[in-house]
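Engineer: can you look at this prediction? I've put the sequence above it.
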Amino acid sequence: MIRLALVLLLAGCSSYPHVPDPQNPVLTGSARTPEPEGQCFDGPTGARIRILCDADLTPERVTELQRALAARDLYAGPVNGKNGPATSEAVRKYQALFGRDDPRLTWPAAEALGIVEIASPVRTG
């Protein structure tokens, strides 16, 4: 009985998503809006996440980043404002705690570390 229920449940998943999304009726994975100029993103088209651009990683911001990571016992290198291998590895370790094993700092992680202002939500319509 349980096996039959599982088969029926999985059979129903094969046509997902079956409910149209009013915000993105095509559901092809394309972005809903073009990416704003001056912002960098990473990931596949339908699941992009904002990351800090190279221009965002000023020596002052990298110094703040190194201090924030050191306060969390993730960075033991010098606080020198240089985004080197030790800083990248500490960023990777920090983000891995949240399921992203990548040395490129995401905007949400930078917000959580307190090194950028929290972005206001984008309002449409």
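Structural biologist: In hand now; what should we look at?
Engineer: count the neighbours of I49 for me.
Structural biologist: Residues lying near I49 (other CB atoms under 10 Å) number 14. Just so you know, the C-beta spots here come from the backbone N, C-alpha and C atoms, and that holds for glycine as well.
Engineer: roughly how far does it sit from E111?
Structural biologist: 12 Å (CB to CB, to the nearest Å).
Engineer: now list whatever residues contact both of these two.
Structural biologist: When contacts are counted by CB atoms under 8 Å, 6 or more residues apart in numbering, the set common to I49 and E111 is empty.
Engineer: give me the low-pLDDT residue ranges for this structure?
Structural biologist: 1-34, 120-125 (pLDDT under 70).
Engineer: now do the strands in it.
Structural biologist: Taking DSSP state E as the criterion, the chain contains strands spanning 40-42, 49-51.
Engineer: list of residues touching the first one?
Structural biologist: Around strand 40-42, the neighbours that count as contacts under CB under 8 Å, 6+ apart are E35, R48, I49, R50, I51, L52, C53, D56, D102, R104, T106.
Engineer: again, only this time at 10 Å
Structural biologist: With CB atoms under 10 Å, 6 or more residues apart in numbering as the test, strand 40-42 has contacts from 31, 35, 48-56, 100, 102, 104, 106-107.
Engineer: ok, now which ones touch T63?
Structural biologist: By CB under 10 Å, 6+ apart, the contact list for T63 reads V79, N80, G81, K82, I115.
Engineer: the residues you listed, buried ones only, as a PyMOL selection?
Structural biologist: Command for PyMOL, covering only those of the contacts of T63 found buried under the criterion 16 or more other CB atoms under 10 Å:
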select buried, resi 81+115
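Engineer: now the contacts of T63 in JSON lines, with distance to R72?
Structural biologist: Output for the contacts of T63, formatted as JSON lines (distance: CB to CB, whole Å):
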{"residue": "V79", "distance to R72": "14"}
{"residue": "N80", "distance to R72": "18"}
{"residue": "G81", "distance to R72": "18"}
{"residue": "K82", "distance to R72": "19"}
{"residue": "I115", "distance to R72": "12"}
